[in-house]
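In: Fold the following.
(one chain, ligands or ions: 2)
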Amino acid sequence: VPVGTQVFEEDETTLIADLEKGGDIVLLAQGGSGGFGNARFKSSTNRAPRRANPGLPAEHRTIWLRLKLIADVGLVGLPNAGKSTFLAAATSATPKIADYPFTTLYPGLGVVRIGDGDSYVLADIPGLIEGAHEGAGIGDRFLGHIERCAAILHLVDAGHDDVTASYDIVREELKAYGHSLDEKFERIALSKADTVDDELLIEKQKQLQDHTGKPVEILSAVTHQGLFSTLRDLGNLAKEQRINNKKEEPAAWTP
Ligand SMILES: Nc1nc2c(ncn2[C@@H]2O[C@H](COP(=O)(O)OP(=O)(O)OP(=O)(O)O)[C@@H](O)[C@H]2O)c(=O)[nH]1
Ligand SMILES: [Mg+2]
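Out: Ligands and ions are numbered 1, 2, ... in the order given. Coordinates of the predicted model:
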């Protein structure tokens, strides 16, 4: 199974195993024993034995496997915020990008390479809308993939009239989902900055900064404004977290 797979009992809630690192091994059901065929019972006095041994049955068990991607940084935002475009600009991933909501239907990953051979993994998930925790839109079913990220990059479309309202919708959904997603380190950026003129952009940046009390980056995946500094900051953060959690690097491992 891929790294990041969790194994649950048939009840879907009791966790049996959590395969977090490459090379983790767990035995879930003991295989049977093949038994012996009649040739095994052949001897000098009994050359055609009619005896055989049926062996032992294998263990049967129903389990659920749930995959949580292991990414360092997760991208969140409303549909059309430019998450997939950001992933495509930052990594060599080629997600589907289009000018309509819910272009992304499944999470996607990309590897961001920063200087000195360092790299980290960025995850793009489908957009969230108001009521996602109640199943609206694609719902919150992919938020599990963000649970293990060190940080969140929250993209707010700079073209929206009310950027603080757009921001709040996504924050509310993160909170409603639980699992401490709203307590994760969050980096905020106004995306698609090239579509708004500078004066208005600065005003929106100030609004969002005052509203959140956090710094707000100005970002354009098209002109690459703010791209590299954001990627570098997130990379440093991911590295710090990795050291804190003493998370082992996916070491050389072959199945
Ligand atoms: N001008 C400009 N357009 C952008 C930028 N980033 C994204 N877009 C456009 O915005 C639209 C939506 O971009 P996506 O990357 O598909 O948005 P998304 O957040 O992944 O959307 P969902 O997958 O639906 O949640 C596309 O038409 C992109 O070309 C940007 O920095 N500048
Ligand atoms: Mg997308």
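
In: If you count contacts, what does the host helix or strand of L234 end up packed against?
Out: Per DSSP states H and E: L234 is located in helix 227-244. The contact analysis (3 or more Cβ pairs under 8 Å, 6 or more residues apart in numbering; DSSP states H and E) places helix 227-244 against strand 73-77, helix 83-90, strand 108-113, strand 119-124, strand 151-157, strand 185-191. Placement of C-beta: from N, CA and C, glycine included.

In: Now T195: closest residue in space that isn't a chain neighbour?
Out: G159 (5.0 Å; Cβ to Cβ, 6 or more residues apart in numbering).

In: again with G144
Out: Excluding the flanking residues, the one nearest G144 by Cβ to Cβ, 6+ apart is K68, at 5.3 Å.

In: Could you measure from the one you found over to ligand 1?
Out: 20 Å (Cβ to the nearest ligand atom, to the nearest Å).

In: most centrally placed residue in this protein?
Out: Closest to where the C-alpha atoms of the chain average out (Cα atoms, centre = their mean) is H145, at 3.3 Å.

In: Next, it: secondary structure please.
Out: Of the three states, H145 takes helix according to DSSP: H, G, I helix; E, B strand; the rest coil.

In: quick one: contacts for the residue lying farthest from the centre of the chain?
Out: Distance from the centre of the chain peaks at T45, with 65.8 Å (Cα atoms, centre = their mean). Listed by Cβ atoms under 8 Å, 6 or more residues apart in numbering, the contact set of T45 is empty.

In: hang on, the earlier thing: what's the local residue count around the residue nearest to T195?
Out: By other Cβ atoms under 10 Å, 19 other residues sit near G159.

In: was I right about it contacting V196?
Out: Yes - the pair G159 / V196 is scored as a contact, 5.9 Å apart, by Cβ atoms under 8 Å.

In: With ligand 2 as the reference, measure out to E147.
Out: E147 sits 19 Å away from ligand 2 when distances are taken as Cβ to the ion, to the nearest Å.
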